[in-house]
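Participant: predicted model, plus sequence, below.
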Amino acid sequence: RMETDCNPMELPNNTGFEEDSDYRDFEGTDVKDMRLEAEAVVNDVLFAVSNMFVSKTLPCAEDVAYINVETRERNRYCLELTEAGLRVVAYDFDQTDDKLQTPYHETVYSLLDSLSPAYREVFGNALLQRLEALKKDMS
């Protein structure tokens, strides 16, 4: 198991799962760690944004992680990653705004596509270059 900056023992202990016997059976099973998922998301699209990293300030857990992203247009966002997908939770790094009701996106690609025309262009160009390289390999 990879080491993370966030120790699950530091998280508030008010989840209520301990008392609920329905959840006891899941202990020790291979639950998807959202922090690892968030790192994978960052590595996937970092080339197409100005800056992107998993928040070390906001609490991470098995079911949620936060990603800070700065688009090439210099707009900053804090994204929440859960099983439901990704959504913007604030318009700055390491923040969450409970009043902000933004839609969930199934992928980081569709979320960034909706936020950043420059991301769309860079990602599209990278895709074209890969296709051209594949075409050359096949001929």
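Facilitator: In hand now; what should we look at?
Participant: for the protein, longest helix please?
Facilitator: The residue-count maximum for a helix in the chain (DSSP state H) belongs to helix 117-138.
Participant: can I get it in PDB, CA atoms only?
Facilitator: Listed in PDB are the C-alpha atoms of helix 117-138, where the atom choice follows Å, rounded to 0.1, in the frame of the first residue of the first chain:
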ATOM      1  CA  PRO A 117     -11.000  26.100 -24.100                       C
ATOM      2  CA  ALA A 118      -7.200  26.000 -23.900                       C
ATOM      3  CA  TYR A 119      -7.400  22.500 -22.300                       C
ATOM      4  CA  ARG A 120      -9.600  21.400 -25.200                       C
ATOM      5  CA  GLU A 121      -7.100  22.700 -27.700                       C
ATOM      6  CA  VAL A 122      -4.000  21.200 -26.100                       C
ATOM      7  CA  PHE A 123      -5.700  17.900 -25.500                       C
ATOM      8  CA  GLY A 124      -7.100  17.700 -29.000                       C
ATOM      9  CA  ASN A 125      -3.600  18.500 -30.500                       C
ATOM     10  CA  ALA A 126      -2.000  15.800 -28.400                       C
ATOM     11  CA  LEU A 127      -4.600  13.300 -29.600                       C
ATOM     12  CA  LEU A 128      -4.000  14.300 -33.200                       C
ATOM     13  CA  GLN A 129      -0.200  13.800 -32.700                       C
ATOM     14  CA  ARG A 130      -0.800  10.400 -31.300                       C
ATOM     15  CA  LEU A 131      -3.000   9.500 -34.200                       C
ATOM     16  CA  GLU A 132      -0.400  10.700 -36.700                       C
ATOM     17  CA  ALA A 133       2.200   8.600 -35.000                       C
ATOM     18  CA  LEU A 134       0.000   5.600 -35.100                       C
ATOM     19  CA  LYS A 135      -0.600   6.100 -38.800                       C
ATOM     20  CA  LYS A 136       3.100   6.300 -39.500                       C
ATOM     21  CA  ASP A 137       3.700   3.100 -37.500                       C
ATOM     22  CA  MET A 138       1.100   1.300 -39.500                       C
END
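Participant: quick one: average pLDDT of that helix?
Facilitator: What helix 117-138 shows for mean pLDDT is 94.
Participant: what comes into contact with it?
Facilitator: For helix 117-138, contacts defined as Cβ atoms under 8 Å, 6 or more residues apart in numbering pick out 45, 47, 48, 49, 71, 72, 73, 109, 112, 113. In this view, the C-beta of every residue, glycine as well, is placed from N, C-alpha and C.
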